[in-house]
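> all I have is the shape, not the residue letters:
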């Protein structure tokens, strides 16, 4: 028997499965919701999830289910469904957990809402937190050292409940109350990772990628501050830390998508062929629209939006490089 109360995880993709593996590493029971019956069956039968996390041999205290009603009474639930489906999944929950930890990164298309706003509407009885930071699923599942931001809308009282349930020797959360900042950092870095992948695909060099990361971070700060985020949050694990990780490796789905675009791939075809979700592709259009409405200069985000719309990568890069020369801290840069 587990020594601790069970934790629930919604979403059996790579990231959800990795979090379930991490949470069960101390013998805790973890209930993992899988949309696909065959995925749930494989997890329960052979402790594997070959479609999404083939490298991991899963702990036996993870139990998968396709029935959201089984989450009734689970006090801590981590939501790891794709951002664009979060609201519809939460609306089907039989009851609201005391603590709902959002692990999906994105902005809702159509409404422009952050995930915490989506979650509060779907489950108003839950205290919402956001877990975000530089994390590759296969490394977390393997127990490699990881640090994340855990932003708690319920303040220190919620942190005191969640931190002992989530922290493990190799998984270290850091406290924040800036839920907005944690969400914005995680959302924008996905879009910027696509841009860095394009740089790789076009073989534009390391100088270009470093410049893009720095200028992309400036865009993240501008947008975040306009939305009420704290600059210190965006300079931390869930902002700059996550940005550096996902802009530097093909282990990032967003970086891989951008690299394929830079190599001449068609955006619509590439996204249709992917079983796993590159959240930045869904975030870029709504982020571009929000920035335009608020008058926030985000030229890199706009460039990614153009690429996803079918623009030629070389032409988009040429347009970026032709922007007027200005001061580095110019708000229109």
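Noted; the coordinates are in hand. Every value quoted in this text rests on a predicted model; they were computed, and no experiment measured them.

> from now on I want contacts and neighbour counts done on CA atoms only, so please keep to that.
Fine.

> which other helices and strands does the helix or strand of the chain with the lowest mean pLDDT contact?
The helix or strand of the chain with the lowest confidence, counting by mean pLDDT, DSSP states H and E, is helix 267-272 at a mean of 85. Helix 267-272 sits against helix 253-262, helix 299-308, with contacts defined as 3 or more C-alpha pairs under 8 Å, 6 or more residues apart in numbering; DSSP states H and E.

> packing partners for the following helix or strand past it?
Downstream of helix 267-272, the next assigned helix or strand under DSSP states H and E is helix 279-294. When contacts are defined as 3+ C-alpha pairs under 8 Å, 6+ apart, helix 279-294 sits against helix 179-201, helix 253-262, helix 299-308.

> ok, and what's touching helix 279-294?
82-84, 105-110, 112, 187-194, 223, 254, 297-298, 301-302, 304-305, 308 (C-alpha atoms under 8 Å, 6 or more residues apart in numbering).

> figure out how far it is from the centre of its chain.
15 Å (C-alpha atoms, centre = their mean, to the nearest Å).

> that one versus helix 253-262: what angle between them?
Interaxial angle, helix 279-294 versus helix 253-262 (axes from the mean of the first three to the mean of the last three C-alpha atoms, to 10 degrees): 90 degrees.

> wait, residue 219 touches residue 297, no?
Yes. At 7.1 Å, residue 219 counts as touching residue 297 under the criterion of C-alpha atoms under 8 Å.

> okay, the two: which has more neighbours?
Neighbour totals were compared for residue 219 and residue 297, and residue 219 leads with 23 against 19 (other C-alpha atoms under 10 Å).

> circling back: got a quick ChimeraX command for the buried subset of the contacts of helix 279-294?
Per 16 or more other C-alpha atoms under 10 Å, the buried members of the contacts of helix 279-294 correspond to this ChimeraX selection:
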select :82,83,84,105,106,107,108,109,112,187,188,189,190,191,192,193,194,223,254,297,298,301,302,304,305,308
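
> show me where pLDDT drops low in the stretch 1-150 of the chain?
Within the stretch 1-150 of the chain, the ranges that satisfy pLDDT under 70 run 1-3.

> where do the helices sit along it?
Here the stretch 1-150 of the chain has its helices, by DSSP state H, counting those that start in this stretch, at 14-23, 37-46, 86-90, 115-122, 137-141.

> number of nearby residues for residue 92?
Neighbour tally, residue 92, other C-alpha under 10 Å: 13.

> which one of the helices and strands packed on helix 267-272 lies closest to residue 321?
The minimum distance between residue 321 and the helices and strands packed on helix 267-272 falls on helix 299-308, with 10.5 Å, by C-alpha to C-alpha.

> hmm, who's touching that closest one?
With contact meaning C-alpha under 8 Å, 6+ apart, helix 299-308 is reached by 191-192, 194-195, 212, 216, 219, 261, 267-268, 281, 284-285, 287-288, 313, 316-317, 320, 333.

> coming back round to it: tabulate the helices of the stretch 1-150 of the chain (JSON lines), appending mean neighbour count and distance to residue 58.
Formatted as JSON lines, the helices of the stretch 1-150 of the chain follow (neighbours: other C-alpha atoms under 10 Å; distance: least, C-alpha to C-alpha, whole Å):
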{"stretch": "helix 14-23", "mean neighbour count": "26", "distance to residue 58": "6"}
{"stretch": "helix 37-46", "mean neighbour count": "17", "distance to residue 58": "8"}
{"stretch": "helix 86-90", "mean neighbour count": "19", "distance to residue 58": "24"}
{"stretch": "helix 115-122", "mean neighbour count": "20", "distance to residue 58": "28"}
{"stretch": "helix 137-141", "mean neighbour count": "20", "distance to residue 58": "9"}
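
> out of those helices, which is closest to residue 6?
That would be helix 14-23 among these, by C-alpha to C-alpha, at 9.5 Å.

> that closest one vs helix 37-46, what angle?
Using the same axes, to 10 degrees: helix 14-23 against helix 37-46 is 30 degrees.

> residues in contact with helix 14-23?
7, 9-11, 30-32, 49, 52-53, 58-59, 62, 80-81, 136-138, 140-141, 143, 165-166, 168, 171.

> among those, which ones are in strands?
7, 9, 10, 30, 31, 32, 62, 171 (DSSP state E).

> neighbours around the third one, how many?
The local packing of residue 10 (other C-alpha under 10 Å) involves 29 other residues.

> what of the second one?
Taking other C-alpha under 10 Å as the criterion, the count of residues near residue 9 is 28.

> could you do the fourth one as well?
In terms of burial, residue 30 registers 27 neighbours under the definition other C-alpha under 10 Å.

> for it, what are its contacts?
Residue 30 touches 6, 7, 8, 9, 20, 23, 24, 61, 62, 63, counting by C-alpha under 8 Å, 6+ apart.

> compare those residues and tell me which has the most neighbours.
Going by other C-alpha under 10 Å, residue 20 tops the contacts of residue 30 with 31 neighbours.

> stretch 310-325: which residues count as buried?
311, 312, 313, 316, 317.

> out of those residues, what pair is the most spread apart?
Farthest apart among those - using C-alpha to C-alpha - are 311 and 317, which lie 10.3 Å from each other.
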